[in-house]
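Peer 1: fold the following for me, if possible:
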Amino acid sequence: MRHRMTLAVVGAVFTLAAAASAETAKPAADKHARGKYLVERAGMCQDCHTPRTAKGAFDEGNWLLGGAIGFKPTAPMPWMPVAPPIAGLPTLSHEQAVHFLMTGERPGKPHVTPPMPEYRFNKPDAEAIAAYLRSLTK
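Peer 2: Numbering: from 1, shown residues only. Okay, the predicted model is just below:
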């Protein structure tokens, strides 16, 4: 009887450890999914940051690796004709990217240049976006 109890306790410990491990992995997966959703569906970052093929489709082999902006302002104003690469966050640390997404400020340049909007994401969303973009390395 004692042997069965010991096995039951050991089995319960392994079951709890596996469940805790799955729960630990779940927030990371949820964070990645949230970041992907915010980048690709809410922010539509690919519209400017992914080049297009000759037929106008996104060049998926260069996803979020920068591209020419396909439109111009109708009045004179500061304007970025090319969107920089954001896959892998090549020019920003995680902390700088989170700050930028929360405030619109980036190192050495206090404000974004149109057509880039000054996003005001909350910290969990900014962190999810930065984590997702960082994961897109080649």
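
Peer 1: so where's this protein uncertain?
Peer 2: Within the chain, the stretches falling below the threshold (pLDDT under 70) are 1-27, 138.

Peer 1: swap in 90 and give it another go.
Peer 2: 1-29, 70, 106-113, 117-119, 137-138 (pLDDT under 90).

Peer 1: helices of that one, start to end?
Peer 2: Taking DSSP state H as the criterion, the chain carries its helices at 2-37, 46-49, 94-103, 123-135.

Peer 1: and residue 84, how far from residue 127?
Peer 2: In this structure, residue 84 lies at 21 Å from residue 127, with Cβ to Cβ, to the nearest Å as the measure. To be clear about C-beta, it is placed using only N, CA and C from the backbone, and glycine gets the same treatment.

Peer 1: can you list the buried residues in stretch 88-96?
Peer 2: Within stretch 88-96, the residues scored as buried using 16 or more other Cβ atoms under 10 Å are 89, 92.

Peer 1: tell me how far the ends of it are from each other?
Peer 2: Using Cα to Cα, to the nearest Å, the span of stretch 88-96 from its first residue to its last is 13 Å.

Peer 1: that stretch: how far from the chain's middle?
Peer 2: What separates the centre of stretch 88-96 from the centre of its chain is 11 Å, taken as Cα atoms, centre = their mean, to the nearest Å.

Peer 1: what of stretch 80-88?
Peer 2: Relative to where its chain is centred, stretch 80-88 has its mean C-alpha point 14 Å off (Cα atoms, centre = their mean).

Peer 1: flag every buried residue along that stretch.
Peer 2: Within stretch 80-88, the residues scored as buried using 16+ other Cβ under 10 Å are 83, 85-87.

Peer 1: got it, and stretch 44-53?
Peer 2: With the criterion 16+ other Cβ under 10 Å, stretch 44-53 contains buried residues 45-51.
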